[in-house]
Every structure is written in structure tokens, then in C-alpha cells.
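>>> model this:
(chains A, B, C and D)
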There are 2 protein chains.
Amino acid sequence: MPDEFLLDEQACFALYAASRAVTDTYRPLLGELGLTYPQYLVLLVLWESDARPVKEIGEALHLDYGTLSPLLKRLEANGLVTRARLPADERTVVISLTEQGRTMRTRASAVPSAIGCALGLDDASRRELITTLRRLTASAAAYSLGGFDAQP
Amino acid sequence: MPDEFLLDEQACFALYAASRAVTDTYRPLLGELGLTYPQYLVLLVLWESDARPVKEIGEALHLDYGTLSPLLKRLEANGLVTRARLPADERTVVISLTEQGRTMRTRASAVPSAIGCALGLDDASRRELITTLRRLTASAAAYSLGGFDAQP
DNA sequence: TCGGGTTACCTTGCGCACGATGTAATCGTG
DNA sequence: CACGATTACATCGTGCGCAAGGTAACCCGA
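Numbering: from 1, shown residues only, chains lettered A, B, ... in the order given. The predicted model follows:
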């Protein structure tokens, strides 16, 4: 029987390595724009729909406050977003794009296609990969929450 | 035409999210053993073949010295590995498992199958995923090195 | 053999990522 | 209305992950 501990047999390590390889590809492109990959992801969320509470951004990216709070303060310090308490609910902080944050979308317009080339996936296999990874993410999340005992 | 900036269309984000979801699954299992996921990966490498220089471990895991040096010192502090200069070449540091490091393999014997269950992949789709991710990793790495101009 | 280049590793600084803890605002219930 | 619970966020500590800058050991050609 095959060794279960073999690195090459583990989807987890392939995933871990691929994820880092991809962000390595983003780094020089985003570096020219003064962005990191997680910061770019936050902008993607805001470009889709602006003026969202921190909570929604966290849900979209699966990131918690401990990660987002300082990240958003850096985006604010760089003049890309503003942070404002909602008058109707002083607990929630709404993140909005500045003019510079909106302009960044144009400046970054070459990024998605460059990455698309770098990964070398045709449209079909890209979609298939996304489907597989989403199923895997959901399965892992379900396991992390309840384990297998949580079934009825 | 579809918006290239849409988060849901990006394989990169699916990859990023899946990778973190998987390490989230490892965390409680490895936490009981006093390990982190990268530390576990180093042990996987050493369980395959013991007494290897830092350089080889780095090549196997695609990690640089800046990441490995402190990580290995933590493993040493926890009594799982030793670090020794090679007499034949005083530059290279050889990492070897301690008795406790070898025992850890037994203690961790339940981890791979637990993760296998959590991910919910049958053997065929697991292998296919690994193949896709390796191709993607190689493609991204090639792009990062030379870009498209590097072609003959 | 000697001096420049290379190699293997270490350290520092910064930015995630996450658990744990704290705080103020809001909600719900008696 | 009071007050305990919940919600939304901030902060702190630890451990990656990577770039940049170091140091000592080794190699190699003149």
C-alpha cells in the first residue's frame, strides 16, 4: 500500500504550493500599483459594489477582523478607501472607495488577463478547477465546523 | 462580455480560499500534536528521508531560508529535530529527526486519513486535482521567472 | 596561493492570517 | 425600562512567507 505520508500524494500540499506560486505571480504586477494580493482582493470586492461594512468584505473573502482591520487601515493610509461609522448603527464601519481607489481599477485593468496567461488555463478547465476547489472548500469548512459526528 | 474583475470568476481566489480552508482543517488535528501545518510539512519531508540539508527541505517545499530558518529553530526548541553543521562543508546545516521526531510520525498516523475524509475527494479526482495544480504551479513559476518574452 | 565570485545560511522588517481578549453599541426579554 | 446577551469591530501575540541585506565557508582561475 502507498505511504499516506508521501508529500507527492497529498492534494493539500499541491494546493498550498499552487496558492503561493500564484500570489508570486501577482506580486510584481501588484507591486507596481503599491498593492498586495489580499489588498487587491478587497478592492475587487469594492469594485463589485462599493460602500460595504467590514463584515461583508470578510464574508466575501473568508477573512476575519484580525486580518481585515489592519489591512483596511493600510488601504486607508494609502488613500484608496475611507472608513466611516454608520450613523444608524455606530458599531458598523463602512468601507468606501476614494476617487483614487476607483481609478485603481483602470490602472489594474491589465492584471486579470496577465494572470490568466500566466496560469495557462483555458476557460473550461478554469471553470472546472473553480468548481472542484469550491466543493473542496465547502467540504473542509463543513468538517471543521462539526466533524463527521455532526450528521443527523 | 463578463467582468474580468469578478471575484467568483477567478481561479486565483478559489485557490487562495481553498488553501486556507484546508489548513483550517489541519489546525485542530496538528494543534493537539503541537505542530503547525508548515512544521508538519517539514516532518513529512524528513520522514521520507532523514538528515537533509536546509536547502533540500526548502526545494521540496518551495520555501526559502527566511521562512525555514526560524521554523526549524522552533522545531529544534520543541525537541523534534537537531541542527548540525556538516564537517565536510561547514556552510550546510543538516536537519535530523530526534527520537521524538520519529515518534511523532506514529502520533500523527491518523492525520492523513482524517484530512482525506474532510476533503471528500475520491482517489481519481484527487490525482486529477494534483495534476492540474502542478501544471498550474509550473506555469506560474515559468511566467514569474521569464515572462512571455523569454520564449525562443 | 590569493583574491573574487559563489554558496548556504541567518537576520530583519513588513504584511498577512488566526486565536484570544477587549469594548462599545445594539438587541431582546422580562 | 433595566440588564444580560449579542453584534461589529479593534488589538495583541504568534507564526508564517518573502524581500533585502548580512556573514562565513567554499570554489576557482590567474
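
>>> mind listing the helices for chain A?
A:11-31, A:37-48, A:54-61, A:65-77, A:99-107, A:111-119, A:123-146 (DSSP state H).

>>> pull the distance from the longest one to the chain's centre.
Which is helix A:123-146. Centroid separation between helix A:123-146 and its chain, computed with C-alpha atoms, centre = their mean, to the nearest Å, is 15 Å.

>>> so what touches it?
A:11, A:119, A:121, A:150, B:8-9, B:11, B:14-15, B:17-18, B:21-22, B:24-25, B:28, B:117-121, B:125, B:129, B:132, B:136 (C-beta atoms under 8 Å, 6 or more residues apart in numbering or on different chains). Every C-beta, even on glycine, is put in place using the N, C-alpha and C of the backbone.

>>> now those: which count as buried?
A:11, A:119, A:121, B:9, B:11, B:14-15, B:17-18, B:21-22, B:24-25, B:118-119, B:121, B:129, B:132, B:136 (16 or more other C-beta atoms under 10 Å in any protein chain shown).

>>> make CSV out of the helices of chain A and add mean pLDDT.
CSV is the format used below for the helices of chain A (pLDDT from 0 to 100):
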stretch, mean pLDDT
helix A:11-31, 97
helix A:37-48, 98
helix A:54-61, 98
helix A:65-77, 98
helix A:99-107, 98
helix A:111-119, 95
helix A:123-146, 92
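
>>> turn those helices into CSV, including distance to DNA strand C.
Below are these laid out as CSV (distance: least, C-beta to the nearest atom of the strand, whole Å):
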stretch, distance to DNA strand C
helix A:11-31, 7
helix A:37-48, 4
helix A:54-61, 8
helix A:65-77, 3
helix A:99-107, 15
helix A:111-119, 16
helix A:123-146, 8
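
>>> quick check: which of these is nearest to B:Lys73?
helix A:11-31 (21.5 Å; C-beta to C-beta).

>>> so does that closest one get close to chain B?
Yes - counting by C-beta under 8 Å from any C-beta of the partner chain, chain B has neighbours in helix A:11-31: A:11-26, A:28.

>>> how about that helix and DNA strand D, touching?
Yes - judged by C-beta under 7 Å from any atom of the strand, helix A:11-31 and DNA strand D are in contact via A:16, A:20, A:23-24, A:27.

>>> show me how far that helix is from its chain's centre.
With C-alpha atoms, centre = their mean, you get 12 Å for helix A:11-31.

>>> going by contacts, tell me the helices and strands next to it.
helix A:37-48, helix A:111-119, helix B:11-31, helix B:37-48, helix B:111-119, helix B:123-146 (3 or more C-beta pairs under 8 Å, 6 or more residues apart in numbering or on different chains; DSSP states H and E).

>>> make it 10 Å
Counting contacts by 3 or more C-beta pairs under 10 Å, 6 or more residues apart in numbering or on different chains; DSSP states H and E, helix A:11-31 packs against helix A:37-48, helix A:111-119, helix A:123-146, helix B:11-31, helix B:37-48, helix B:54-61, helix B:111-119, helix B:123-146.

>>> any residue of the shortest one touching chain A?
Yes - using C-beta under 10 Å from any C-beta of the partner chain, helix B:54-61 comes into contact with chain A via B:60-61.

>>> now the longest strand anywhere in chain A against helix A:65-77, angle please.
Criterion DSSP state E: the longest strand present in chain A is strand A:89-97. On the basis of axes from the mean of the first three to the mean of the last three C-alpha atoms, to 10 degrees, strand A:89-97 is oriented at 50 degrees to helix A:65-77.

>>> excluding chain neighbours, what is closest to A:Arg27?
The shortest distance from A:Arg27 to any non-neighbouring residue, by C-beta to C-beta, 6 or more residues apart in numbering or on different chains, is to A:Tyr37 (7.3 Å).

>>> ok, A:Leu63 touching A:Pro70?
No - contact criterion C-beta atoms under 10 Å: A:Leu63 and A:Pro70 do not qualify, at 11.3 Å.

>>> the two: which is more packed in?
A:Leu63 (18 against 10; other C-beta atoms under 10 Å in any protein chain shown).

>>> phi, psi for the more buried one please.
phi -120, psi 150 (degrees, to the nearest 10).

>>> show me the contacts for it.
A:38, A:41-42, A:54, A:57, A:71, B:17, B:20 (C-beta atoms under 10 Å, 6 or more residues apart in numbering or on different chains).

>>> most neighbours, which of those residues?
Most surrounded of these: other C-beta under 10 Å gives A:Val42, at 26 neighbours.

>>> which residue sits closest to that one, ignoring its sequence neighbours?
In space, A:Val42 is closest to A:Ile57, 6.0 Å off (C-beta to C-beta, 6+ apart).

>>> show me which residues of chain A sit near DNA strand D.
A:16, A:20, A:23-24, A:27, A:53-55, A:58, A:65-66, A:68-70, A:72-73, A:83, A:89, A:91-94.

>>> cutoff 6 Å now
A:20, A:24, A:27, A:53-55, A:65-66, A:69, A:83, A:91-93 (C-beta under 6 Å from any atom of the strand).
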